[in-house]
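> give me coordinates for this.
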Amino acid sequence: MMELVAANWWLFVIALVIGIAIAWWIFVANRTTRVVTSRPDVLEEGSAPAQRNQALIDAPTATAAATAAAPTPAPAPVAAGDDLKRIKGVGPKLEKLLQSLGVTTYAEIAGWSEADIDRIDAQLGNFAGRIRRDNWPEQARFLAAGDEAGFKAKFGAV
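I've put the predicted structure just below:
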């Protein structure tokens, strides 16, 4: 057997190379994915604008759609009220937003029910979740009662 291999080694090498080539063709070359499209490139000269993108550009924003669907209530008059910024988690922007919703005093916030909290929280936009997270009603109860020491003990300095 060794004499046969020694005499014809070059045939075994050729057979091995042919075998590797066939295996490569079966397992690699024949498995490539080909993407065939008939849509023209929208970036080419003279192409129409992308319809999908244009539809998104032309569509009204969700805020505009909601505003158009519901009548705009008259802004609530800003009455002289408490300094809502004393409540931890309420800054100048949030104070203005609360005032636009008609919330101006600690007593109002202190008296909120769970339904009131849900209703107001839904209108806070990016500030949603702060009422419960910062416990505004409890803070407002201390401030409405004028209990500065209790407020400071529970929530820290104002």
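
> and the helix or strand containing residue 138, what does it pack onto?
Assessed by DSSP states H and E, residue 138 sits inside helix 136-145. The contact analysis (3 or more C-beta pairs under 8 Å, 6 or more residues apart in numbering; DSSP states H and E) places helix 136-145 against helix 106-110, helix 148-155. Glycine gets a C-beta too; all of them are placed from N, C-alpha and C.

> weakest of the ones you listed by average pLDDT?
Least confidently modelled of the helices and strands packed on helix 136-145 is helix 148-155, at a mean of 90 by mean pLDDT.

> contacts for it, please.
88, 138, 139, 142, 143, 158 (C-beta atoms under 8 Å, 6 or more residues apart in numbering).

> could you give the number of residues near the closest residue to the fourth one other than its chain neighbours?
Pointing back at residue 142 there. Nearest residue to residue 142, sequence neighbours excluded (C-beta to C-beta, 6 or more residues apart in numbering): residue 151, at 3.8 Å. When counting by other C-beta atoms under 10 Å, one arrives at 22 neighbours for residue 151.

> measure residue 151 to residue 145 for me?
9 Å (C-beta to C-beta, to the nearest Å).

> and for residue 109?
Taken as C-beta to C-beta, the span from residue 109 to residue 145 is 13 Å.

> ditto for residue 129
26 Å.

> before we move on, what about residue 128?
Applying C-beta to C-beta, the value for residue 128 to residue 145 is 27 Å.

> with just CA atoms, put stretch 150-158 into CSV.
Provided in CSV are the C-alpha atoms of stretch 150-158 (Å, rounded to 0.1, in the frame of the first residue of the first chain):
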residue,chain,number,x,y,z
GLY,A,150,-41.8,68.7,61.3
PHE,A,151,-41.1,69.4,57.6
LYS,A,152,-37.4,69.8,58.3
ALA,A,153,-37.2,66.7,60.5
LYS,A,154,-38.9,64.6,57.8
PHE,A,155,-37.7,66.1,54.5
GLY,A,156,-34.6,68.2,55.4
ALA,A,157,-34.0,71.9,55.2
VAL,A,158,-36.1,73.8,52.6
